[in-house]
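Enquirer: dropping the sequence and predicted coords here.
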Amino acid sequence: MMKISFIIATLNSGGAERVLVTLANALCKEHEVSIIKFHTGESFYKLENEVKVTSLEQFRFDTLYHKIASRFKKFFALRKALKESKADVFISFLDTTNIACILANIGLKTPLIISEHSNE
């Protein structure tokens, strides 16, 4: 049994989100599956109860300083979540999340699969 962690910004109603949920629901039958997401909120698509979902801490964005500081805080929160997941593989979805995951995964020695979904 593998431990698989998916990483995405949100679980809204987009196509990439639908693909992630479909994969997570299928894989959780034989593997331990978790989702790390950047924002709070429920999944638009139905997730199996076996899929563990974690949202990163939310930070203030009311000033330029807070906007900049929140990017660094979110990066370190992502790196901490990746370490704590103890996954055998990370699967990242969408461009901004992919970049953040590539940087946060440096030195962790866990394979990272990046996935881009676009209609163009």
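Expert: Nice, I can see it. These numbers come from a predicted model, not from an experiment.

Enquirer: tell me what the helix or strand K74 falls within is packed against?
Expert: Here K74 sits within helix 64-85, counting by DSSP states H and E. Using 3 or more Cβ pairs under 8 Å, 6 or more residues apart in numbering; DSSP states H and E, the elements in contact with helix 64-85 are strand 3-8, strand 32-37, helix 95-104. C-beta coordinates here come from the backbone N, C-alpha and C atoms, glycine included.

Enquirer: can we see that at 6 Å?
Expert: helix 95-104 (3 or more Cβ pairs under 6 Å, 6 or more residues apart in numbering; DSSP states H and E).

Enquirer: CA atoms of the helix or strand that the helix it packs on is followed by as PDB?
Expert: Counting by DSSP H and E, the next helix or strand C-terminal to helix 95-104 is strand 112-115. Taking Å, rounded to 0.1, in the frame of the first residue of the first chain, the C-alpha atoms of strand 112-115 are listed here in PDB:
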ATOM      1  CA  LEU A 112       6.900  14.600  -7.200                       C
ATOM      2  CA  ILE A 113       4.600  14.300 -10.200                       C
ATOM      3  CA  ILE A 114       3.400  17.600 -11.600                       C
ATOM      4  CA  SER A 115       0.200  17.700 -13.600                       C
END
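
Enquirer: which residues touch strand 112-115?
Expert: The contact list for strand 112-115 (Cβ atoms under 6 Å, 6 or more residues apart in numbering) reads F90, I91, S92, F93, N98, C101, N105.

Enquirer: just for this protein, where's the confidence low?
Expert: Residue ranges of the chain with pLDDT under 70: 120.

Enquirer: ok, back up a step: among the contacts of strand 112-115, which two are most distant?
Expert: Largest separation among those by Cβ to Cβ: F93 and N105, giving 14.4 Å.

Enquirer: looking at the two now, which is surrounded by more residues?
Expert: Set side by side, F93 and N105 show more neighbours around F93, with 24 against 20, by other Cβ atoms under 10 Å.
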